[in-house]
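Peer 1: Quick one, structure for this:
(one chain, ligands or ions: 1)
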Amino acid sequence: MLRVEKINFGVKDRKLLKDITFQVRKGEVLAVLGANGAGKSTLMGLLCGEKKPDSGQIYFNGKPLSDYDAVTLSKCRALLSQQQQMTLSFKVEEIVLMGRYPHYKNNPSTEDYRVVGETMELCGVTAFADRDFLSLSGGEQQRVHLARVLAQIWDNPDALLLLDEPISALDLHYQQKVLAIARALARKGFMVVLIVHDVNFAAMYADRILMLKHGRKLFHGTPVEVLAQKEIYTIFSVESNVIMNPRTLKPYVQLEEMEIDLE
Ligand SMILES: Nc1ncnc2c1ncn2[C@@H]1O[C@H](COP(=O)(O)OP(=O)(O)OP(=O)(O)O)[C@@H](O)[C@H]1O
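Peer 2: Okay, the predicted model is just below:
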């Protein structure tokens, strides 16, 4: 279980996260929603250990995150971050194999190659294995990074998978597929924390939703509990109409058209 208790984080005199508390159970997908600048990536930065909270504590499987050593953590926590700048030329398969670095010393084993093969297949990048990563399109590159991140924790269903806007560059098919992969991993026991901007994808694929505004947790619950017209307006300042999908019994958010008069 991931347990985040009363964390605060600031830069200089600006508080970016205030008193955030939540849990993610084994087998659960948590979607984090919020407007631009709400603090979602900052929260990911704390969960992945890139940043340290000013106060509060993050527990992972009963132990403070700060008590883990880097090698152990790299086998049970993986992050797909929003910014993945690559300037050097690598083959696609070499990039995915980087996800296995924590698992081998000098040379990858057949097991490492098996995992890499499986995650590349799942992310639809097998055909690019020998291509120069830098020659791929933005969406293809995002899928290669996902394959790398999945390879890192593939054989550990107790692991935590952190996905910061994993579908931002993807077409509709792969948006759905990547979220379905997150769901399928959760069914195997993984904990998944996911930042998405599309409320309907959050409704479809997340067990719980955490909604942030100005660094505070405003709403937290199941899609049915938190995806309502008032909450959506509070978070995003958009008008909507929320209906229940009769087949899935999940909320579906229909947005009202926005008009801007430039006269
Ligand atoms: N080093 C910093 N110094 C000052 N402000 C910062 C710093 N890092 C982040 N911020 C601010 O903190 C706020 C939260 O940033 P964060 O990247 O977490 O937002 P976000 O919810 O992920 O937004 P987006 O949806 O645009 O990705 C923003 O207003 C951002 O400008």
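Peer 1: how far away is V92 from K63?
Peer 2: Separation of V92 from K63 (CB to CB, to the nearest Å): 36 Å. C-beta coordinates here come from the backbone N, C-alpha and C atoms, glycine included.
Peer 1: What is the burial count for Y104?
Peer 2: Number of residues near Y104 (other CB atoms under 10 Å) recorded here: 12.
Peer 1: Next: M1.
Peer 2: 14.
Peer 1: Can you name the residues that contact it?
Peer 2: Listed by CB atoms under 8 Å, 6 or more residues apart in numbering, the contact set of M1 reads 23-26, 59-62, 191.
Peer 1: Please say which of V92 and K63 ends up with more neighbours.
Peer 2: Set V92 next to K63 and count neighbours by other CB under 10 Å: V92 wins out with 25 against 10.
Peer 1: The more buried one: what's it in contact with?
Peer 2: Taking CB under 8 Å, 6+ apart, we find V92 in contact with 120, 125, 128-133, 136, 144.
Peer 1: Any quick PyMOL command for the buried ones out of these?
Peer 2: The following PyMOL line selects those of the contacts of V92 that are buried, judged by 16 or more other CB atoms under 10 Å:
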select buried, resi 120+125+128+133+136+144
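Peer 1: For the stretch 51-200 of the chain, which segments are assigned as helices?
Peer 2: Using DSSP state H, counting those that start in this stretch, the helices of the stretch 51-200 of the chain run over residues 70-76, 92-98, 110-122, 138-153, 172-187, 199-205.
Peer 1: got the ones you listed as JSON lines, with distance to L43 columns?
Peer 2: Converted to JSON lines, these look like this (distance: least, CB to CB, whole Å):
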{"stretch": "helix 70-76", "distance to L43": "17"}
{"stretch": "helix 92-98", "distance to L43": "25"}
{"stretch": "helix 110-122", "distance to L43": "25"}
{"stretch": "helix 138-153", "distance to L43": "18"}
{"stretch": "helix 172-187", "distance to L43": "17"}
{"stretch": "helix 199-205", "distance to L43": "15"}
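Peer 1: Which of those has the lowest mean pLDDT?
Peer 2: Lowest mean pLDDT within the helices of the stretch 51-200 of the chain: helix 70-76, a mean of 92.
Peer 1: about what we covered before: quick check, nearest of the contacts of V92 to the ligand?
Peer 2: Within the contacts of V92, the smallest distance to the ligand is 21.4 Å, found for V144 (CB to the nearest ligand atom).
Peer 1: Quick check: that closest one touching G138?
Peer 2: No - applying CB atoms under 8 Å, one finds V144 not in contact with G138, separated by 10.9 Å.
Peer 1: tell me which parts of the stretch 1-150 of the chain are close to the ligand?
Peer 2: 11, 14, 16, 34, 36-42 (CB under 6 Å from any ligand atom).
Peer 1: Those, buried ones only, as a PyMOL selection?
Peer 2: Only the buried members of those enter the following PyMOL selection, criterion being 16+ other CB under 10 Å:
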select buried, resi 16+34+38+39+40+41+42
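Peer 1: Show the contacting residues for the nearest residue in space to R216 that is not next to it in sequence.
Peer 2: Excluding the flanking residues, the one nearest R216 by CB to CB, 6 or more residues apart in numbering is K18, at 5.1 Å. Taking CB under 8 Å, 6+ apart as the criterion, K18 is in contact with 8, 215-216.
Peer 1: Out of the helices of the stretch 51-200 of the chain, which one sits most buried?
Peer 2: For those, the largest average neighbour count (mean count of other CB atoms under 10 Å) is found in helix 138-153, namely a mean of 23.
Peer 1: now the angle between helix 172-187 and it, please.
Peer 2: Interaxial angle, helix 138-153 versus helix 172-187 (axes from the mean of the first three to the mean of the last three CA atoms, to 10 degrees): 10 degrees.
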